[in-house]
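Enquirer: predicted model and sequence follow; I will ask about them next.
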Amino acid sequence: MDRYVTGDVIRALREKKGLTQEELAQRIFVSGKAVSKWETGKGYPDISLLEPLAAALGISVIELLSGQHVRNRNRAANMARGKWYVCPVCGNVLWAAGEAVVSCCGITLPPLEPEAGDEEHGIEVRRVEDEYLVTVDHPMAKGHYVSFLAAVSDGSVQLAKLYPEGPAQARFRIDGVRRVYACCNRHGLFETKI
């Protein structure tokens with residue numbers, strides 16, 4: 001991890017909450033001396049204290065670790081710049097309208113970087129009536145398969161979760177689709193533009 005809780009962050013958040021070092025210490029069951037050491041950079045809170053410390057300061061653990069307060073502001077987003085995240089532990093698939101700090105199963109997930117389809121991961125898109133039929137000529141064995149297909153338009157994301165031994169295909173509403181994605185559990189994310 002290239003960033004960790006800094007004393008400046010703890011002090012700024014503590015002062016913003018109107019707490020003294022001693023009051024913060026009492027809330028998380030440590031000594032005032034410990035809080036003083038953290039704030040002066042002479043020590044760091046133990047990992048077991050991150051959750052109670054974040055709660056006492058009124059922020060998430062992710063915000064505490066990054067040193068940035070996350071504000072929930074509704075901003076216009078370009079759906080084409082969305083980012084995909086896949087948890088290597090549980091297989092959870094997450095999409096965000098932009099880069100985000102995403103955590104699943106205790107792991108901070110990096111965004112997947114899409115590549116153009118290759119011979120093994122070529123994405124075929126055919127129009128069938130009012131839908132796109134998306135197929136990938138790819139093995140669907142238990143150890144190597146396409147885990148999801150997705151279609152992204154200016155205003156929506158459509159996702160089809162796939163499983164081993166099933167077909168590597170899905171149907172999506174045409175609905176202004178501009179990009180189609182396929183995610184291989186071994187080789188990552190592939191995209192094609194429509």
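Expert: Ah, there it is.
Enquirer: mind checking the longest helix of this protein?
Expert: helix 7-16 (DSSP state H).
Enquirer: and the contacts of it?
Expert: Residues from elsewhere that reach helix 7-16 (Cβ atoms under 8 Å, 6 or more residues apart in numbering): 20-21, 24, 35, 38-41, 45, 53, 57-59, 64, 67. All C-beta spots, glycine's among them, are computed from the backbone N, C-alpha and C.
Enquirer: just checking, what packs against the helix or strand bottoming out on mean pLDDT in the chain?
Expert: Least confident helix or strand, the chain: helix 61-66 with a mean of 79, by mean pLDDT, DSSP states H and E. Helix 61-66 is packed against helix 50-57, with contacts defined by 3 or more Cβ pairs under 8 Å, 6 or more residues apart in numbering; DSSP states H and E.
Enquirer: can you show me the CA trace of the helix it packs on as CSV?
Expert: Extracted C-alpha coordinates of helix 50-57, given in CSV (Å, rounded to 0.1, in the frame of the first residue of the first chain):
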residue,chain,number,x,y,z
LEU,A,50,-8.7,1.7,11.7
GLU,A,51,-12.4,0.8,11.8
PRO,A,52,-13.1,2.4,15.2
LEU,A,53,-10.9,5.4,14.3
ALA,A,54,-12.7,6.0,11.1
ALA,A,55,-16.1,5.6,12.9
ALA,A,56,-15.0,8.1,15.6
LEU,A,57,-13.9,10.6,12.9
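Enquirer: about what we covered before: in the least confident helix or strand of the chain, which residues are buried?
Expert: Neighbour counts over helix 61-66 (16 or more other Cβ atoms under 10 Å) mark 63-66 as buried.
Enquirer: re earlier: after the longest helix of the chain, which helix or strand is next?
Expert: Scanning forward in sequence from helix 7-16 by DSSP states H and E, the next helix or strand is helix 21-28.
Enquirer: walk me through the domains of the chain.
Expert: Domains of the chain are assigned by automatic domain parsing as 7-66, 79-193.
Enquirer: distance from the shortest one to the middle of the chain?
Expert: This points to domain 7-66. 26 Å (Cα atoms, centre = their mean, to the nearest Å).
Enquirer: what do you get for the longest one?
Expert: Between the centre of domain 79-193 and the centre of its chain there are 15 Å (Cα atoms, centre = their mean).
Enquirer: tell me the mean pLDDT for it?
Expert: Domain 79-193 shows a mean pLDDT of 91.
Enquirer: now for that domain, what's the gap between its first and last residues?
Expert: Start-to-end span of domain 79-193 (Cα to Cα, to the nearest Å) is 13 Å.
Enquirer: circling back: what lies in contact with the next helix or strand after the least confident helix or strand of the chain?
Expert: As assigned by DSSP H and E, the chain's next helix or strand after helix 61-66 is strand 83-86. Contact with strand 83-86 is made by 92-96, 98-100, 102, 104, 109-112, 114, 147, 150, 181, 183, 189, as judged by Cβ under 8 Å, 6+ apart.
Enquirer: pull the CA atoms of strand 83-86 into CSV?
Expert: Taking C-alpha atoms only, strand 83-86 is exported to CSV below (Å, rounded to 0.1, in the frame of the first residue of the first chain):
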residue,chain,number,x,y,z
LYS,A,83,-14.4,1.4,-15.1
TRP,A,84,-14.9,-2.3,-14.5
TYR,A,85,-13.7,-4.0,-11.3
VAL,A,86,-13.8,-7.8,-10.7
